[in-house]
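[1] Let's see this in three dimensions:
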Amino acid sequence: MSRAWIPATWAASKGFTAQLKKLIDGGLDVNELDELRWNPLLHAASEGRVASIELLLHAGADLKYLDSEGRSALYYASCFGHVEAVRILFDAGASNIASGKGGWTAFHGAANMGQCEVVNFMLAKKVDVNLADDNGKTPLYTAAKYDRLEVVRCLIRSGALVNAVDTDGQTPLFWACYWGHLEMAKLLIKSGAYVLKPDHFGRTVLHAASQGGRVDVVRLLLRTFLPLGGSAKADPLDRWGKSPLSDAAFAGHKAVVEELILAGCAVDLRDDKGRTPLQVAAGAGRSQVVGLLLRSGAAVDAEDIHGETPLQEAARHGRIDVVRSVVQTGLEDEEVRPKDVGRGLVEVPSPSHIEVLSILLKAGASSDHRNKSKRTALLLAAQTGDMAVASKLLEFGANVRLALPSGQTPADVAENRGDLMLARLLRTAEREANAADGVKVKEVKQEVQCDGDIDPRSLEEILAEREKELEDLTITRDEVAAESIKSEVVLEE
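    Residues are numbered from 1 along each chain as shown. Purely as a prediction, here's the structure:
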């Protein structure tokens, strides 16, 4: 016997009526609690021990006692489908008043567990079929959520309101759609459930099914939506401007995304933050959905209200496959220019995403691109102590002398952080850059001196012209690199 039991609760639970009667005759307190805070009547009711229930009731057991969860004997008998026990408790005076936390009744419990016999018995006892709990949920609501088809049929026949809403404005159909209960959704729609009415957050049943990834339910809803108002009905927006397509894209439900696109949903519809389905999918790393959206014509260079693109979103979160897909598609369609890839470069957050960094650099990203706070990727690496990122950037020719608005170079930043290893790397790169500049100046001076004609321009002007030539050469190298990465990706596929 478990230490949670006492003799009376053990006998009541197991249906040992003779032993229980002996205990009662010996002066047992029939409302004594075990370590679980259950009395003998709760144990007998939950197990459907009819004889024990009758014996305890005759001895004065408390029908109204609630356990630590606020549940009564009638509640447990109803949940577990013990219809004869329910009848005895009802006849003894038990009622369907709210007896649990949240205002749940025994009727809610029976509907939730799909106990048709108990539901029918209570309906015959004239229990209020539309009695709601503290959150506005009726027995029909919970039965629909848990796919109790027979119970829902009984409730609807008895007058249950199919469009009753809870405190969030959500109907039984909403949660049936979210959990993918196709036959339940069909039954509710056939019984008059609204398919277009949004909840208090502007979310429709199509949002629910799309977010849940329930492609069969999405097809059903689209067949219902489209005759009511065309493809525009497939693009309802919630309080945050999000469409069902955006929800499905974020969650990575490719099959649902495909169904919505085929139904005419706008692939570039923006939410209140200006983000398209492509951008939310890119940030979430949903590479298959990203590929589908790109093939369906989604704008690869779309910017949100902060001016950020899907590429930046993917780079920030280290989504390698997404970055590769967006870069390849963008360069092929000429919607992303090689120098624009640098916008994604400054979003690479840590050495763990070094592969993302490599993809962007090989695609021609400008390693000297500055973000809104005027920081280059190398300055950011110095600030965070990312040796691997700094080394990769220097390998691809990052300008080690580009400074913060305060004048601090990457080496200065690393030294101020006390990162001596990174500072040494950056100082060495500075010296090499300065030495290269010295050689360049010497070559120009010699060229001017050897020339028969005196060049009227200053040395600074001549050097500036050479810098422009080098810049043009760099752009050419970037374009070659971009073509190279496209070829590599195609070969990998």
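
[2] In contact with residue 314, which residues are there?
    Residue 314 makes contact with 282, 283, 285, 290, 322, 323, 326, 344, 356 under the criterion CB atoms under 8 Å, 6 or more residues apart in numbering. In short, each C-beta sits where N, CA and C put it, glycine included.

[3] hmm, try it at 7 Å
    282, 283, 322, 323, 326 (CB atoms under 7 Å, 6 or more residues apart in numbering).

[4] cool, and residue 320?
    By CB under 7 Å, 6+ apart, the neighbours of residue 320 are 355, 356.

[5] measure it to residue 360 for me?
    Computed as CB to CB, to the nearest Å, the residue 320 to residue 360 distance reads 11 Å.

[6] Just to check, residue 293 is in contact with residue 278?
    Yes: between residue 293 and residue 278 there is a contact under CB atoms under 7 Å: 4.7 Å.

[7] picking that back up, wait, which of the contacts of residue 314 is closest to residue 205?
    residue 283 (26.0 Å; CB to CB).

[8] how far away is the closest one from residue 238?
    Remark: distance between residue 283 and residue 238 (CB to CB) = 18 Å.

[9] And for residue 49?
    Distance from residue 49 to residue 238, by CB to CB: 50 Å.

[10] higher neighbour count, these two?
    Taking neighbours as other CB atoms under 10 Å, residue 49 and residue 238 compare with residue 49 leading, 26 against 19.

[11] Tally up the residues packed near the residue nearest to residue 6 when sequence neighbours are not counted, please.
    Closest residue to residue 6 apart from its sequence neighbours, by CB to CB, 6 or more residues apart in numbering: residue 34 at 4.8 Å. By the criterion of other CB under 10 Å, residue 34 has 20 neighbours.

[12] wait, residue 34 sits on residue 10?
    No: counting by CB under 7 Å, residue 34 stays clear of residue 10, with 8.6 Å between them.

[13] What helix or strand is the nearest residue to residue 413 once chain neighbours are set aside located in?
    Distance criterion CB to CB, 6+ apart; nearest residue to residue 413, sequence neighbours excluded, is residue 382 at 4.1 Å. Secondary-structure assignment from DSSP states H and E places residue 382 in helix 377-384.

[14] Can you give the distance from that helix to the centre of its chain?
    Here helix 377-384 shows a centroid-to-chain-centroid distance of 30 Å under the convention CA atoms, centre = their mean, to the nearest Å.

[15] At which residues are the helices of the stretch 201-350 of the chain located?
    Along the stretch 201-350 of the chain, counting by DSSP state H, counting those that start in this stretch, helices occupy 205-212, 215-229, 244-251, 254-262, 277-284, 287-295, 310-316, 320-332, 342-345.

[16] Is it possible to get JSON lines of the ones you listed that adds distance to residue 373 and mean pLDDT?
    Listed next are the helices of the stretch 201-350 of the chain as JSON lines, based on distance: least, CB to CB, whole Å; pLDDT from 0 to 100:
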{"stretch": "helix 205-212", "distance to residue 373": "35", "mean pLDDT": "97"}
{"stretch": "helix 215-229", "distance to residue 373": "42", "mean pLDDT": "85"}
{"stretch": "helix 244-251", "distance to residue 373": "28", "mean pLDDT": "98"}
{"stretch": "helix 254-262", "distance to residue 373": "35", "mean pLDDT": "97"}
{"stretch": "helix 277-284", "distance to residue 373": "20", "mean pLDDT": "95"}
{"stretch": "helix 287-295", "distance to residue 373": "28", "mean pLDDT": "94"}
{"stretch": "helix 310-316", "distance to residue 373": "14", "mean pLDDT": "84"}
{"stretch": "helix 320-332", "distance to residue 373": "22", "mean pLDDT": "75"}
{"stretch": "helix 342-345", "distance to residue 373": "14", "mean pLDDT": "53"}
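
[17] Make CSV out of those and add distance to residue 89.
    What follows is the helices of the stretch 201-350 of the chain, written out as CSV (distance: least, CB to CB, whole Å):
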stretch, distance to residue 89
helix 205-212, 37
helix 215-229, 39
helix 244-251, 45
helix 254-262, 46
helix 277-284, 51
helix 287-295, 53
helix 310-316, 58
helix 320-332, 59
helix 342-345, 66
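
[18] and residue 428, how many neighbours?
    Neighbourhood size, residue 428 [other CB under 10 Å]: 13.

[19] Find me the pLDDT at it, would you?
    Note on residue 428: pLDDT of 92.

[20] phi, psi of it?
    phi -60, psi -40 (degrees, to the nearest 10).

[21] Spit out the contact partners of it.
    Neighbour list for residue 428: empty [criterion: CB under 7 Å, 6+ apart].

[22] Check residue 221 too.
    So residue 221 contacts 177, 195, 205, 206, 209 (CB under 7 Å, 6+ apart).

[23] Which two among these are spaced furthest apart?
    Pairwise distances across these peak at 10.6 Å for 195 and 209 (criterion: CB to CB).

[24] who has more neighbours, those two?
    residue 209 (33 against 19).

[25] which ones are touching that one?
    Listed by CB under 7 Å, 6+ apart, the contact set of residue 209 reads 177, 178, 217, 218, 221.

[26] Looking at those, state which has the most neighbours.
    Comparing the contacts of residue 209 on neighbour count, residue 177 comes out first with 32 neighbours (neighbours: other CB under 10 Å).

[27] With residue 301 as the reference, measure out to it.
    Distance from residue 177 to residue 301, by CB to CB: 34 Å.

[28] for the stretch 1-150 of the chain, what are the low-confidence residue spans?
    Flagging of the stretch 1-150 of the chain using pLDDT under 70 yields the residue ranges 1-4, 98-100.

[29] now the end-to-end length of stretch 296-310.
    15 Å (CA to CA, to the nearest Å).

[30] Just checking the distance from it to the centre of its chain.
    20 Å.

[31] Pull out the buried positions in that stretch.
    Neighbour counts over stretch 296-310 (16 or more other CB atoms under 10 Å) mark 296, 298, 299, 300, 301, 302, 303, 304, 308, 309, 310 as buried.

[32] about what we covered before: between the contacts of residue 314, which is closest to residue 67?
    residue 283 (45.8 Å).

[33] All good on my end, thank you.
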